[in-house]
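J.: Sequence and predicted structure are below.
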2 protein chains.
Amino acid sequence: MSSRLLTETPDVVTVGVDLFERTLADQGVEVTAVDWRPPSVDGAVLGALDVHRLATANAEAFDRLVAAEPHWVGIASARDAVGIETGQFLHAGPPLTWERASGPMRGALVGAMLYEGMADTPDEAIAIGERGELELAPCHSAGAVGPMAGVVSPSMPMFRVHNDAFGNDAWCTLNEGLGKVLRYGAYADEVVERLTWMQQVLGPALADAVGVHGPLDLRSLVANALQMGDELHNRNRAATSLFVRELMPSLLATDRPTAQLAEVADFVNGNDHFFLNLVMPAAKAATDPCRDIDGSSMVVAMARNGTDFGIQVSGTGDAWFVGPAGVPDGLFLGDYTAEDANPDIGDSTITETSGLGGFAMAAAPAIVKFIGGEVADALEATQSMYGITIGEHPAYQVPILDFRGTPTGIDVVRIVRSGVVPFVNTGIAGREAGTGQVGAGLVTPPMEVFTAAVEALADRARAG
Amino acid sequence: MSSRLLTETPDVVTVGVDLFERTLADQGVEVTAVDWRPPSVDGAVLGALDVHRLATANAEAFDRLVAAEPHWVGIASARDAVGIETGQFLHAGPPLTWERASGPMRGALVGAMLYEGMADTPDEAIAIGERGELELAPCHSAGAVGPMAGVVSPSMPMFRVHNDAFGNDAWCTLNEGLGKVLRYGAYADEVVERLTWMQQVLGPALADAVGVHGPLDLRSLVANALQMGDELHNRNRAATSLFVRELMPSLLATDRPTAQLAEVADFVNGNDHFFLNLVMPAAKAATDPCRDIDGSSMVVAMARNGTDFGIQVSGTGDAWFVGPAGVPDGLFLGDYTAEDANPDIGDSTITETSGLGGFAMAAAPAIVKFIGGEVADALEATQSMYGITIGEHPAYQVPILDFRGTPTGIDVVRIVRSGVVPFVNTGIAGREAGTGQVGAGLVTPPMEVFTAAVEALADRARAG
């Protein structure tokens, strides 16, 4: 495995004129169509970067990313997994305070306080938040990721994913299903009761099952699911089905009562998104070893907290480059409309960061029924991402593109040069705390976060 | 639901010149490329058909086909299901005798005799066959279908599929897995032992599970699997996964010992083709109500017995139109080569007959890794079948073709007029009895069977 930049003939990149693209395509030349816009930083900034050093560092970052061998190996409480205590909570996206938190983020924190027994009513929980008595930290800062609000409290069970290639772990809570769920900011009794059942029944049963099964190979499962119409962010139907098939015999081999096993099977089967909370830590486990490579412009985290959209880049340490989170648009559930949508939220963009999700849309044409748009848009999304990524994933392939690897390793320099931002598909949370999910669709990241990252890389390059 | 012929603007059908096709495609016109050859019957034959009556009859046949609502409702022994007794066997394809049977067909009959206790050794079984003491009949004549050799003996458990729309049933044995299995002509001890376990454990457990579950909607499951990269003939990975997910909670709710449930889960999970034996009777249950529509040229069965390729047509009663079975070519397992391949065998072409399999290849680009060829061939296969089918299936859709319905309802008149024969993908059995599967690939049906059917329709039309 090596960097596409170093080893391959560059593809032709066409700008603007569609007819030209079609003519080349007729001749069998590989074409990547890009909406060209002028670079968003001035030439002096891009000029400060050492092109050779950049290529070498990015090749190293890409190689580490695609060499990942994530396996699901166990389950532990957040207390043991990420070391948080009562009153401490993890959340999605870059750092955040209660004051700046959006409706669904506050809703999820309220639900987590009720679940942990810190408050008896939502009002009591809100008062705790307003008094500044919560300690908040990003999931990413604790080796974890969380979908939507991504709130993690000490008693929640978490999946442990181990990257065999580098020896590191990543963590994520278990998926609650759809509708009124904590990660979308709901905190009704049913939400808290479900979390309690997950802690008492689901987590322990899955822990026993993976103990019987042994490490479950997520790289292989993801590769298979991509050949079965998933893009592994908003469509996880195939991955969830393969996961159930793989795990069920081991679940049956545990000594738990059959009625309890049936409850667990029912719960997991009832939710096509169950696997999301396994692919996310698989992606986190893959991107973490790519951090801190001097000079690399590869994105290692892309995440939203419902207020801010932020990225972290390999060559700039733990710095978050942050801009305003956009409001997603797409298909809305029931009577909800775009008016009800909260700004973009969740760590699930770790899938895009590792070559999945919006970057693998061509593998999942049926997703347009969930997020809106046409089948051609799904193909175009993946095609356009080859222009801002370092290489193609050797294991994550798209059959309809003749098994071409997904565009992998987002490069902030390529983004700034081309003006093309990452393609992100996402669930949409309601703005009001307590609402839950209102839809699913697409969102445009703010260009300024990529520009800021390139400027920081240039500053470091100038400093030597 | 109505006939495409009657209600839609005809698509442009281009012949020969690829550039012309591409130019139309650039203009957004729907194009079906067809390898045009001169009609294989003379004009007088086609002239004898009443075009209006043909269209009306085919519209009725097509409407019945796509209105089918197949559900898996139970399991019964072949003795109860299709009324066969010791010494009686069903087989795939058109009628056949022991003398004309190929290696894998004889091998499967030998295995079935050993399994039924009619013989203690393969030699004894062969002697029974040679003495003409076996009663053989096509599965299709008994409301059943069987993959590859398709041999059914009285003790085998069979899936019962009920078509809610028309009240009819269809039957199929349970899939044994890959490698050395009866349907590919193997009869070693492991084959017979597995059949016995299927009779004693698998069948009863699945019977209990479907009893708990209630009728399982196969139309919906097939529609979902088409959006997950299956074409439902040689690729059933998604369908099998969805089936396991759907059934597992009910299996757990039976009062069978957990260890036995784990055995069953392991067996079904270990075989991506398990669902083939459910989609086949679903297709048979859908096509049977389309039989005996006066004047209809729609194919209601297309099947091979390893020696002959045969079809039955709606407007010509129970007549089989038969020609020599071709030898499939594709990808071979291990050291096997095309030399080891038996001529085409199996009732599994009932999938193509109902708009699946080769007709739905565009939904399953990853299948080229199993049967050979390029991704473009898979798209082309489906596209080319629109020219020889009556309509598009309203529920079976192909996402990558903008959710266009699969080409459904094979029309022998369109075949004879265009010279295009049905596209069939298939498993490949070894020529020698006892070998098992040697590969998977494509096969070309003999044009003469379609010509013969058109001539029979013309004879009937002339007779009034």
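T.: Done, it's in. Numbering: from 1, shown residues only, chains lettered A, B, ... in the order given.
J.: need the residues of the stretch 301-450 of chain A near chain B, please.
T.: A:365, A:366, A:374, A:375, A:376, A:399, A:400, A:402, A:403 (C-beta under 8 Å from any C-beta of the partner chain). Backbone N, C-alpha and C define where each C-beta goes, glycine included.
J.: Could you list which of these belong to helices?
T.: Those of those mapping onto helices are A:375, A:376, per DSSP state H.
J.: For the closest residue to residue A:399 other than its chain neighbours, list the residues it contacts.
T.: With sequence-adjacent residues excluded and distances taken as C-beta to C-beta, 6 or more residues apart in numbering or on different chains, residue A:399 is closest to residue B:365, at 3.8 Å. Contact analysis of residue B:365 by C-beta atoms under 8 Å, 6 or more residues apart in numbering or on different chains lists A:399, A:400, B:229, B:375, B:378, B:379, B:400.
J.: Max pairwise distance over the residues you listed: which two?
T.: B:229 and B:379 (13.4 Å; C-beta to C-beta).
J.: Going by how many neighbours each has, rank those two and give me the top one.
T.: The neighbour comparison of residue B:229 against residue B:379 (other C-beta atoms under 10 Å in any protein chain shown) goes to residue B:229, with 28 against 18.
J.: now that one, nearest residue through space, not along the chain?
T.: residue A:228 (4.4 Å).
J.: Pull the number of nearby residues for the one you found.
T.: Residue A:228, neighbours per other C-beta under 10 Å, totals 26.
J.: and what of residue A:179?
T.: 12.
J.: Would you double-check that it falls in a helix?
T.: No: in this structure, residue A:179 is coil, not part of a helix, as judged by DSSP: H, G, I helix; E, B strand; the rest coil.
J.: Run through the stretch 201-350 of chain A and note the low-pLDDT ranges.
T.: Within the stretch 201-350 of chain A, no stretch falls below the threshold (pLDDT under 70).
J.: Which residue ranges of it form strands?
T.: A:216-217, A:299-305, A:308-313, A:321-324, A:329-332, A:345-346 (DSSP state E, counting those that start in this stretch).
J.: and these, which is most packed in?
T.: Per-stretch averages of neighbours, counted by mean count of other C-beta atoms under 10 Å in any protein chain shown, single out strand A:345-346 among these, with a mean of 34.
J.: Could you pull up the residues touching the residue of the stretch 51-200 of chain A found nearest chain B?
T.: Nearest to chain B in the stretch 51-200 of chain A, going by C-beta to the nearest C-beta, is residue A:177, at a distance of 14.5 Å. By C-beta under 8 Å, 6+ apart, the contact set of residue A:177 is A:194, A:267, A:270, A:271, A:273, A:274.
J.: Make a markdown table out of these and add distance to residue A:132 and neighbour count.
T.: A markdown table is the format used below for the contacts of residue A:177 (distance: C-beta to C-beta, whole Å; neighbours: other C-beta atoms under 10 Å in any protein chain shown):
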| residue | distance to residue A:132 | neighbour count |
| --- | --- | --- |
| A:194 | 29 | 19 |
| A:267 | 36 | 21 |
| A:270 | 39 | 13 |
| A:271 | 36 | 18 |
| A:273 | 34 | 19 |
| A:274 | 36 | 22 |
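J.: mind putting the residues you listed in a markdown table, distance to chain B included?
T.: Output for those, formatted as a markdown table (distance: C-beta to the nearest C-beta, whole Å):
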| residue | distance to chain B |
| --- | --- |
| A:194 | 18 |
| A:267 | 9 |
| A:270 | 9 |
| A:271 | 11 |
| A:273 | 13 |
| A:274 | 10 |
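J.: top strand in chain A by residue count?
T.: Assignment by DSSP state E gives strand A:389-398 as the longest strand of chain A.
J.: what about dumping the CA coordinates of it to CSV?
T.: The C-alpha coordinates for strand A:389-398 follow below in CSV (Å, rounded to 0.1, in the frame of the first residue of the first chain):
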residue,chain,number,x,y,z
THR,A,389,-8.2,12.6,-1.1
ILE,A,390,-4.7,11.2,-1.0
GLY,A,391,-5.5,7.7,-2.3
GLU,A,392,-7.9,4.9,-2.8
HIS,A,393,-8.7,2.3,-0.1
PRO,A,394,-7.3,-1.1,-1.1
ALA,A,395,-10.0,-3.0,0.8
TYR,A,396,-13.0,-0.7,0.6
GLN,A,397,-14.2,-1.0,-3.0
VAL,A,398,-17.1,0.1,-5.0
